[in-house]
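**Student:** Okay, structure incoming, though there's no sequence with it:
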């Protein structure tokens, strides 16, 4: 169970989480006291966050949904609204 | 009784309820019932007096459980009873305080059951354009402030990159379109969830509050925008009512209020975590600008690379520095030892040399003595040594037996010999 959830967790990091982590990594790497081994790890992690975030940012269509009484949502065509 | 009875009350009656109006002196006057009189007066008032505005001070004010308000209007000399029925009274932003100056609009009538003449008020306004609204606003504001709901430390920060934005507004209003168009331009990866609600009119505040609660309960949004486009103070009133304020205060995620245009501050604005002047501004507040974000992201790998190179450089410098300092430290430690060693080496050499010299002279002395002791030198002087074949030296006559073979060592060789004759004591 732990494997499945951690896998899912890794792929479903929010954009917010990614960018926040990226900033943290940049701040860390630009600090004076990072060991080379750590810097390498941070570099790899940072680059992967950049790639994933760019993929998210390449989305072009805003999704608009309507909250139903049931608590579920359904896509909403704003031009009809 | 006829409908036009009231018209005749003060005139010449032609067909009174019981008989002809009697002459003054007549013993049987015409007697009206109380109901008849009140009904007649009521008719007079209602039919002859147009709806009107009356200005005055609130004397006493009570609101019944059914929502009807009974009060009096007064000036220095007189007072007038008034009633405002529930349907009209519920539109009041608040009950006016006693003594406050108001103006009311309505009809004059008579409450037949009590014979009280009164005004049925349809509208009531505080003095000044926003009098009562202002009062209601201040009352609620004071109440929420006392509860601490307006405290700056309650304000939560807006998430910087929300994945999902909740919106509470009218599904058909301009506000929704404005919000969507800003989000589309700035952050099209965002998901928008609308929880529709009426934003003005009776019960709107309850609907807005419900919509906020439903969004929170859905667990979807990271931030909620609550708002509507601009309008009159009355149009915006729902956002000044307690249900909306409570729902915003209770929201599980930060709320951005976006009500009307900049000049109108509402209670919702005060309770919200962030106040935006318009729905468009609210949308800009909750999402980052894609262009800026993309630029930052593109710069990130370069920054990461630089960081890595620096870390590498730092490491190399550190190793070089460590080596240098190690060398220095070895040098420091070795210096005195080496000096001591040098001194000692010199001493040893000196001593060795001295020793060697001394040994050399002793050797030559010894070799002189050895020279002196050498039997060869004696042999050189003419002596010889007789020895048996086993090497035993034959020193005396008695060592020789007749026929004994022996060797004779002279200075430059050895001669084999044998005993021929013994000549005893030839020379002493």
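**Tutor:** Yes, it's here. The model shown is predicted, which means the values in this text are computed figures rather than measured ones.
**Student:** Could you pick out the longest strand of chain A?
**Tutor:** strand A:63-67 (DSSP state E).
**Student:** Residue B:385 is in contact with residue B:411, correct?
**Tutor:** No - judged on Cβ atoms under 8 Å, residue B:411 makes no contact with residue B:385 at a distance of 10.4 Å. Bear in mind the C-beta positions are built from the backbone N, C-alpha and C, glycine included.
**Student:** joint contacts of these two?
**Tutor:** residue B:379 (Cβ atoms under 8 Å, 6 or more residues apart in numbering or on different chains).
**Student:** which non-adjacent residue is nearest residue B:312?
**Tutor:** Nearest residue to residue B:312, sequence neighbours excluded (Cβ to Cβ, 6 or more residues apart in numbering or on different chains): residue A:36, at 5.7 Å.
**Student:** give me the number of residues near the one you found?
**Tutor:** By other Cβ atoms under 10 Å in any protein chain shown, 16 other residues sit near residue A:36.
**Student:** What is the neighbour count of the residue of chain B found nearest chain A?
**Tutor:** Residue of chain B nearest chain A, by Cβ to the nearest Cβ: residue B:307 (3.0 Å). Using other Cβ under 10 Å, residue B:307 has 22 other residues around it.
**Student:** and it, helix, strand or coil?
**Tutor:** Secondary structure, DSSP: H, G, I helix; E, B strand; the rest coil: residue B:307 is helix.
**Student:** Spit out the contact partners of it.
**Tutor:** Contacts of residue B:307 by Cβ under 8 Å, 6+ apart are A:26, A:29, A:30, A:34, A:39, A:42, A:43.
**Student:** same thing with residue B:196?
**Tutor:** Counting by Cβ under 8 Å, 6+ apart, residue B:196 has contacts A:66, A:67, B:168, B:169, B:170, B:171, B:211.
**Student:** do that again at 6 Å, thanks
**Tutor:** residue B:171 (Cβ atoms under 6 Å, 6 or more residues apart in numbering or on different chains).
**Student:** how about it, phi and psi?
**Tutor:** phi -70, psi 150 (degrees, to the nearest 10).
**Student:** If it is in a bridge, with which residues?
**Tutor:** residue B:169 (DSSP bridges).
**Student:** pull the longest helix from chain A.
**Tutor:** Assignment by DSSP state H gives helix A:36-57 as the longest helix of chain A.
**Student:** quick one: the residue nearest the centre of chain A from residue B:162, how far?
**Tutor:** Central residue of chain A (Cα atoms, centre = their mean): residue A:15, 2.9 Å from the mean position. Distance, residue A:15 to residue B:162, by Cβ to Cβ, to the nearest Å: 9 Å.
**Student:** In three-state terms, how would the residue nearest the centre of chain B be classified?
**Tutor:** Per Cα atoms, centre = their mean, the C-alpha nearest to the average position across chain B is that of residue B:157, at 6.9 Å. Residue B:157 falls in the coil class when you classify it by three-state DSSP.
**Student:** That one: what's its closest spatial neighbour, skipping adjacent residues?
**Tutor:** Distances taken as Cβ to Cβ, 6+ apart place residue B:254 nearest to residue B:157, at 6.9 Å, with adjacent residues excluded.
**Student:** What residues does the one you found make contact with?
**Tutor:** Shown in contact with residue B:254 (Cβ under 6 Å, 6+ apart): B:156, B:158, B:223, B:273.
**Student:** Next, the spatially closest residue to residue B:228 that is not a sequence neighbour: phi, psi?
**Tutor:** Closest residue to residue B:228 apart from its sequence neighbours, by Cβ to Cβ, 6+ apart: residue B:199 at 4.0 Å. In terms of degrees, to the nearest 10, the main-chain angles of residue B:199 are phi -120, psi 0.
**Student:** Verify the stated contact: residue B:199 with residue B:171.
**Tutor:** No - Residue B:199 lies out of contact with residue B:171 (Cβ atoms under 6 Å); the separation is 10.2 Å.
**Student:** ok, these two, which is more surrounded?
**Tutor:** Neighbour count, other Cβ under 10 Å: between residue B:199 and residue B:171, residue B:199 has more, with 26 against 16.
**Student:** Show me the shaky parts of the chain.
**Tutor:** This is for chain A. A:1-12, A:78-81 (pLDDT under 70).
**Student:** Not quite, go with chain B.
**Tutor:** Counting by pLDDT under 70, chain B shows low-confidence ranges at B:1-26, B:128-130, B:261-263, B:366-377, B:424-428.
**Student:** Apply 50 and report the result again.
**Tutor:** B:1-6, B:13-14, B:16, B:428 (pLDDT under 50).
**Student:** ranges for the strands of it?
**Tutor:** Secondary structure of chain B (DSSP E): strands located at B:52-63, B:69-74, B:79-84, B:101-111, B:116-126, B:164-169, B:191-196, B:223-228, B:255-259, B:274-276, B:385-387, B:405-410, B:413-418.
**Student:** Quick one: these as TSV, columns for distance to residue B:134 too.
**Tutor:** As requested, those are exported to TSV (distance: least, Cβ to Cβ, whole Å):
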stretch	distance to residue B:134
strand B:52-63	16
strand B:69-74	19
strand B:79-84	19
strand B:101-111	13
strand B:116-126	7
strand B:164-169	25
strand B:191-196	30
strand B:223-228	20
strand B:255-259	16
strand B:274-276	19
strand B:385-387	155
strand B:405-410	155
strand B:413-418	155
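**Student:** Could you show which parts of chain A are in contact with chain B?
**Tutor:** By the rule Cβ under 6 Å from any Cβ of the partner chain, the part of chain A lying against chain B is A:14-16, A:19, A:26, A:29-30, A:34, A:36, A:39, A:43, A:46-47, A:50, A:53-54, A:56-57, A:59-60, A:62-67, A:71, A:73, A:78, A:81.
**Student:** Mind checking which of those residues are buried?
**Tutor:** A:15, A:19, A:26, A:29, A:34, A:36, A:39, A:43, A:46-47, A:50, A:53, A:56-57, A:62, A:64-67, A:73, A:78, A:81 (16 or more other Cβ atoms under 10 Å in any protein chain shown).
**Student:** Near chain A, which residues of the stretch 251-400 of chain B are found?
**Tutor:** Checking the stretch 251-400 of chain B against chain A by Cβ under 6 Å from any Cβ, the hits are B:294, B:297, B:300, B:301, B:303, B:304, B:307, B:308, B:311, B:312, B:315.
**Student:** Please work out which residue of chain A is closest to chain B.
**Tutor:** Checked against chain B (Cβ to the nearest Cβ), the nearest residue in chain A is residue A:29, 3.0 Å away.
**Student:** ok, for that residue, nearest residue in space, not its chain neighbours?
**Tutor:** residue B:307 (3.0 Å).
**Student:** Distance check, that neighbour against residue B:320.
**Tutor:** Taking Cβ to Cβ, one finds residue B:307 at 20 Å from residue B:320.
**Student:** same check, this time on residue B:109
**Tutor:** Look at residue B:109 and residue B:320: by Cβ to Cβ, they are 103 Å apart.
**Student:** ok, the two, which is more surrounded?
**Tutor:** Just comparing residue B:109 and residue B:320: by other Cβ under 10 Å the higher neighbour count belongs to residue B:109, 18 against 10.
**Student:** How about the contacts made by that one?
**Tutor:** B:42, B:45, B:46, B:120.
**Student:** ok, 10 Å please
**Tutor:** Counting by Cβ atoms under 10 Å, 6 or more residues apart in numbering or on different chains, residue B:109 makes contact with B:41, B:42, B:43, B:45, B:46, B:49, B:83, B:116, B:117, B:118, B:119, B:120.
**Student:** Near residue B:30, how many other residues are there?
**Tutor:** Neighbours of residue B:30 under the rule other Cβ under 10 Å: 13.
**Student:** For it, what are phi and psi?
**Tutor:** phi -80, psi 130.
**Student:** I'd say residue B:227 and residue B:211 touch.
**Tutor:** No - the pair residue B:227 / residue B:211 is not scored as a contact, 11.6 Å apart, by Cβ atoms under 10 Å.
**Student:** what's the overlap in contacts for these two?
**Tutor:** Common neighbours of residue B:227 and residue B:211, counting by Cβ under 10 Å, 6+ apart, are B:167, B:168, B:169, B:199.
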